[in-house]
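> For reference, the sequence and a predicted model appear below.
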Amino acid sequence: MIKAVFASVIIIHGFIHLMGFVKAFQLAEIDQLTQTIHKPIGLLWLISALLFITAAAVFLLKKDWWWIIAAPALVLSQVLIIMYWQDAKYGTIINVIILVGIVIGYGTWSFNTMSKNELQTFLTPATSGEKVVTKEMLNGLPPIVQKWLERSNVIGKEVIYSVHLKQIGEMRTTLDGKWMPVKAEQWFKTEKPGFIWIADVKAAPGIHLAGRDKYENGEGHMLIKLLSLITVADAKGKEIDQGTMLRYLAEIVWFPSTALNDYIQWKQIAPTTIKATMTYNGITASGLFKFDTNGDVVSFEAKRYYDRKGRTTLEDWFIQIEPNSYKEFEGIRIPTRSAVTWKLKEGNFTWYKLEIANIHYNRI
């Protein structure tokens, strides 16, 4: 709704600029314009109008580079308004509104360009070639892990080397905060484990948070920007490296054949509780997978660093999987809904509820 209103403002503003062209070429009587406009200046009013209308059309087509057209339109418009201040001064108010949109548009374009460049580097083809999972490859794993992989339908399927998925959900930033809608895309690689997660969070009407979480070469990096422009969080370091590794480990439930990789070791704690330890690039992280008796994963829990406004504490990080959410995508059976909770001394803080909307394997 807000985007439609904003586009309408730009279009109307553009058509108003046509009045200067009409006045200059005496195509109609324009009583609102009392100052003389010469034809060369009238053409400038026309150019500004066409730029505004084109920018609005590109904006409605959801192209994030619309601001590149709107910016020169705005500059030209304001110069003309200053030249004809007596008649056109109130157009400055509209230009200020459009300027705000341009700044936000630049932020979105800049963030998206950064993300696309990172993805181009990240999404290198798998080097192992096609390899099919066999039942013999499960030998040596704890029985319940074998049961999970069999139930996931990985046997007879190609080993998963890359993943692209889409998520929908909601998140909040405080224990009593309001839930905010989230749309996200995520890409994984499994030979050299890593992921890039890009999210758009609707914080309020017209206000969004752009998030990018990355794990690559054993290192993590979380970046969050308000309106894609103002940095809210830019976290790196050993604690983030450990946290993103744990996230990768927890999320292999969406691409189960990754459990067969050498960088993950499995140790049975109880018949349906398994400790998974991941070691990569000199960093190690462990967590507990819990299964039901059928072999479905029901939860994952680990010690993960929690940010407390500048300092971090090691807390229980818990993922609860919704049992009836299992679905098949491209023949692979995975859970699609889960909730992420911090178990803090001040109380359980469930901050993210997600659902897998779609997923594709080995298409990078």
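Good, I have the coordinates.

> any weak-confidence spans in the chain?
Where the chain drops to pLDDT under 70, the residues are 126-129.

> Give me the longest strand you can find in it.
Secondary structure of the chain per DSSP state E: the longest strand is strand 347-361.

> Format the CA atom coordinates belonging to it as PDB.
The C-alpha coordinates for strand 347-361 follow below in PDB (Å, rounded to 0.1, in the frame of the first residue of the first chain):
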ATOM      1  CA  GLY A 347      13.200 -17.000  30.800                       C
ATOM      2  CA  ASN A 348      12.800 -18.800  27.400                       C
ATOM      3  CA  PHE A 349      13.100 -16.400  24.500                       C
ATOM      4  CA  THR A 350      11.600 -17.800  21.300                       C
ATOM      5  CA  TRP A 351      12.700 -15.300  18.700                       C
ATOM      6  CA  TYR A 352      12.200 -16.900  15.400                       C
ATOM      7  CA  LYS A 353       9.500 -19.100  13.900                       C
ATOM      8  CA  LEU A 354      10.100 -20.300  10.400                       C
ATOM      9  CA  GLU A 355       8.700 -22.400   7.600                       C
ATOM     10  CA  ILE A 356      10.400 -23.800   4.500                       C
ATOM     11  CA  ALA A 357       8.300 -22.700   1.600                       C
ATOM     12  CA  ASN A 358      10.400 -24.300  -1.100                       C
ATOM     13  CA  ILE A 359      13.800 -26.000  -1.500                       C
ATOM     14  CA  HIS A 360      15.900 -27.200  -4.400                       C
ATOM     15  CA  TYR A 361      19.000 -29.500  -4.500                       C
END
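
> In it, which residues are buried?
Under the neighbour-count criterion of 16 or more other CB atoms under 10 Å, strand 347-361 has 349-354, 356, 359, 361 buried. (Each C-beta comes from the backbone N, C-alpha and C, glycine too.)

> quick one: which of those residues is nearest to residue 121?
Residue 121 lies nearest to residue 361 out of the buried residues of strand 347-361, by CB to CB, at 21.1 Å.

> Not counting sequence-adjacent ones, nearest residue to that closest one?
Closest residue to residue 361 apart from its sequence neighbours, by CB to CB, 6 or more residues apart in numbering: residue 160 at 5.0 Å.

> List the residues that contact the one you found.
By CB atoms under 8 Å, 6 or more residues apart in numbering, the contact list for residue 160 reads 154, 190, 255-258, 332, 361-362.

> Which one (most neighbours) among the residues you listed?
residue 154 (26 neighbours; other CB atoms under 10 Å).

> how about that one, phi and psi?
phi -80, psi -20 (degrees, to the nearest 10).

> how close does it get to residue 290?
Look at residue 154 and residue 290: by CB to CB, to the nearest Å, they are 20 Å apart.

> likewise residue 70?
Distance from residue 70 to residue 290, by CB to CB: 53 Å.

> CA atoms only: put stretch 274-287 into CSV for me.
Provided in CSV are the C-alpha atoms of stretch 274-287 (Å, rounded to 0.1, in the frame of the first residue of the first chain):
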residue,chain,number,x,y,z
ILE,A,274,22.9,-38.2,19.5
LYS,A,275,25.8,-35.8,19.9
ALA,A,276,27.0,-34.3,16.6
THR,A,277,30.4,-32.7,16.5
MET,A,278,31.5,-30.6,13.6
THR,A,279,35.1,-29.7,13.0
TYR,A,280,36.2,-27.4,10.1
ASN,A,281,39.0,-25.0,9.5
GLY,A,282,40.3,-25.3,13.1
ILE,A,283,36.9,-24.7,14.8
THR,A,284,34.8,-27.3,16.6
ALA,A,285,31.2,-27.1,17.7
SER,A,286,28.8,-29.7,19.1
GLY,A,287,25.1,-30.1,19.7
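
> from the middle of its chain, how far away would it be?
Centroid displacement of stretch 274-287 relative to its chain, using CA atoms, centre = their mean, to the nearest Å, is 26 Å.

> cool, stretch 141-159 as well?
Averaged C-alpha coordinates place stretch 141-159 at 30 Å from its chain's average position (CA atoms, centre = their mean).

> got it, and stretch 5-16?
Distance, centroid of stretch 5-16 to centroid of chain: 30 Å (CA atoms, centre = their mean).
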